[in-house]
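**Q** Let's see this in three dimensions:
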Amino acid sequence: MQRLYSPLIQGVLAQWQEDVLYLSLDTTTLWNQYCIIRVSVVHRGRAVPVGWRVIQHNSSSVAFHHYRDLLRRISRLMPEGVKVVLLADRGFVDTQLMN
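**A** Predicted structure coming up:
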């Protein structure tokens, strides 16, 4: 599914007119069995998903290795010359992420 949307997302972001692009990293648990890890662009009061991953996990706090590849994939979609700010809550406290 993301292979289908990635070129579309990259095309839209290539026309980004602002100096800063805010990304939100968030999780949602479903039925205490699955966790959706989602990266969204924050724009005009909305969070528009640009990438996601679903894992079998019973908590919304996930280790860095679960979302490292997602962040790498999303980074290739970011426009050149735009400062990217990653927003996340305390569930993502990880020194590897900060690096």
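
**Q** where does the chain have low pLDDT?
**A** Low-confidence regions of the chain, defined here as pLDDT under 70, cover residues 1-6, 8, 11-14, 16, 91, 93.

**Q** all helices for it, in order.
**A** 2-14, 64-75, 95-98 (DSSP state H).

**Q** which ones are touching the residue nearest in space to the middle of the chain?
**A** Relative to the mean C-alpha position of the chain, the nearest C-alpha, by C-alpha atoms, centre = their mean, is the one of V39, at 1.8 Å. Listed by C-beta atoms under 8 Å, 6 or more residues apart in numbering, the contact set of V39 reads 23-25, 49-52, 70-71, 74. Placement of C-beta: from N, CA and C, glycine included.

**Q** Output those residues in CSV, with distance to S61 and neighbour count appended to each entry.
**A** Output for the contacts of V39, formatted as CSV (distance: C-beta to C-beta, whole Å; neighbours: other C-beta atoms under 10 Å):
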residue, distance to S61, neighbour count
L23, 19, 20
S24, 16, 18
L25, 12, 20
P49, 20, 15
V50, 22, 23
G51, 19, 23
W52, 17, 19
L70, 16, 17
L71, 16, 16
I74, 20, 23
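
**Q** and the two most separated of those?
**A** The most widely separated members of the contacts of V39 are P49 and L71, with 13.9 Å between them, by C-beta to C-beta.

**Q** is V41 in a bridge, and if so with what?
**A** According to DSSP bridges, the partner residues bridging V41 are L23, V48.

**Q** Next one: it relative to Q56, how far apart?
**A** Counting by C-beta to C-beta, to the nearest Å, the gap from V41 to Q56 is 27 Å.

**Q** Give me the more crowded residue out of these two.
**A** When V41 and Q56 are compared on other C-beta atoms under 10 Å, the one with more neighbours turns out to be V41, at 21 against 7.

**Q** The more buried one contacts G51, correct?
**A** No - look at V41 against G51 with C-beta atoms under 8 Å: they stay out of range, at 10.0 Å.

**Q** my guess is Q96 contacts H66, does it?
**A** No - taking contact to mean C-beta under 8 Å, the distance of 11.5 Å between Q96 and H66 leaves them out of contact.

**Q** For the two, indicate the residue with more neighbours.
**A** Taking other C-beta under 10 Å, Q96 and H66 do not tie; H66 has more neighbours (14 against 9).

**Q** Alright, I will stop here.
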